[in-house]
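K.L.:
Dropping a prediction and its sequence here:
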Amino acid sequence: MTQDHYKILAISADASPDEITKAYRQKLRTWHPDLWPEHRKAYATAHFKKIIQAFEVLSHPEQRAVFDQERAARMPAPVRQEPFICPKCGGVTPADKVRRLEGKQYCDLCFWKLVYERRDQNEADKRR
């Protein structure tokens, strides 16, 4: 899996070369293995190497352009959400849109109507 160099350096994709250098130096001071206890040096060293690699890519305009193209190709296309329309009444309200995001099938009004209709039907079946 390819690392996102912008996330490693905690900068935005439109960061200037000065911002990249500043973030790089700050991360080096934080993650230098000599500053970590012995039992955490391996972890710090691995992260330190990622920081150096990220800076090497982002500090060269040609490499950065290639990385940006690859990163854009890896990013998923935004998913277009279809509007929620209740199959029972056809109603659409802002609350119903939230229900759609939550994976609900009916609008609030139709949902509760169904609940009470089924409850009444169950009670009628019990009486028979």
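P.N.:
Yep, that arrived. Numbering: from 1, shown residues only.
K.L.:
rest of the way, CA atoms for contacts and neighbours
P.N.:
Fine.
K.L.:
Low-confidence regions, the chain specifically.
P.N.:
Counting by pLDDT under 70, the chain has low-confidence residues at 1, 77-112, 114.
K.L.:
which residue packs closest to Ala42, ignoring adjacent ones?
P.N.:
Spatial nearest neighbour of Ala42, chain neighbours left out: Pro33 (7.7 Å); criterion: C-alpha to C-alpha, 6 or more residues apart in numbering.
K.L.:
Walk me through the domains of the chain.
P.N.:
5-74, 79-128 (automatic domain parsing).
K.L.:
Can you lay out the ones you listed as a markdown table showing mean neighbour count?
P.N.:
Listed next are those as a markdown table, based on neighbours: other C-alpha atoms under 10 Å:
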| stretch | mean neighbour count |
| --- | --- |
| domain 5-74 | 15 |
| domain 79-128 | 13 |
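K.L.:
For Ile20, list the residues it contacts.
P.N.:
Ile20 makes contacts with Leu9, Ile11, Phe55, Leu58, Ser59, as judged by C-alpha atoms under 8 Å, 6 or more residues apart in numbering.
K.L.:
Likewise for Arg127?
P.N.:
No contacts exist for Arg127 under C-alpha under 8 Å, 6+ apart.
K.L.:
any idea how far it is from Val57?
P.N.:
76 Å (C-alpha to C-alpha, to the nearest Å).
K.L.:
Which helix or strand contains Arg3?
P.N.:
Actually, residue 3 is Gln. It isn't Arg. Using DSSP states H and E, Gln3 falls within no helix or strand.
K.L.:
scratch that, Ala15 is what I was asking about
P.N.:
Counting by DSSP H and E, Ala15 is part of no helix or strand.
K.L.:
ditto for the one 5 residues further on
P.N.:
Taking DSSP H and E as the definition, Ile20 sits inside helix 17-31.
K.L.:
swap in Ala42?
P.N.:
Taking DSSP H and E as the definition, Ala42 sits inside helix 41-58.
K.L.:
Thank you, goodbye.
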